[in-house]
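Visitor: after the sequence you'll find the predicted model.
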Amino acid sequence: MSAVTPARSDRHRLPFDPIERAAQQWSQRWGEMPRMRAVTSLMRVHQLVLTELDELLRPLNLTFARYEVLVLLSFSRRGALPLGKIGERLQVHATSVTPLVKRLEGAGLITRTPHPEDGRAVLAAITPKGREVTEQATRLIVDARFALGSLDDGDCDRLTELLTGPRTAAGDF
């Protein structure tokens, strides 16, 4: 599926925009309709993008979340990071990292070893096979324009700028 390919077949396509319809109903009962519409649109696009990226990566036995772990490890100087640091850098709870790492280890894409300096920590390290799969996956994602092919570079820059405000306000960085 490419960014211009509809997520639904024409047979399932609605004859109206359900987010706009919901916004009309919302505005008759509650306030903050522009934000409700924006959040609903943002969440829907998130679903569409994640679905497309996961479908692209499925032949490599990856999800986008697992791919992110591989990329993070490939960016690290030693190709290895403690699991806690992976969660911190990916901005997910540590308990979310463990199942991702277990799946990647089971596929031979990473190894887990005790941290040599911290007996409580575990290191995840990318394997040569993991690096190879990361390269293949990256080519697929880049060729699919990160599932945002309907946006030009300027649109992407504006979208990033728009989303920086809420991220900053939430203490994201």
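Guide: On my side now, so go ahead. Numbering: from 1, shown residues only.
Visitor: gap between the host helix or strand of E135 and the chain center?
Guide: Assigned by DSSP states H and E, E135 belongs to helix 128-143. Chain-centre distance of helix 128-143: 15 Å, with Cα atoms, centre = their mean, to the nearest Å.
Visitor: pLDDT weak spots in this protein?
Guide: 1-11 (pLDDT under 70).
Visitor: residue farthest from the centroid of it?
Guide: Taking Cα atoms, centre = their mean, the residue of the chain most remote from its mean C-alpha position is Q28, at 34.4 Å.
Visitor: which strands and helices sit next to the helix or strand hosting it?
Guide: If you go by DSSP H and E, Q28 is part of helix 18-29. When contacts are defined as 3 or more Cβ pairs under 8 Å, 6 or more residues apart in numbering; DSSP states H and E, helix 18-29 packs onto helix 33-57. The C-beta positions use only the backbone N, C-alpha and C, and glycine is treated the same way.
Visitor: mind listing what's buried in the helix holding Q28?
Guide: I19, A23, W26 (16 or more other Cβ atoms under 10 Å).
Visitor: quick check: closest non-adjacent residue to the second one.
Guide: In this structure, A23 finds its nearest non-sequential neighbour in R37, 4.3 Å apart by Cβ to Cβ, 6 or more residues apart in numbering.
Visitor: thanks again, I'm all set now.
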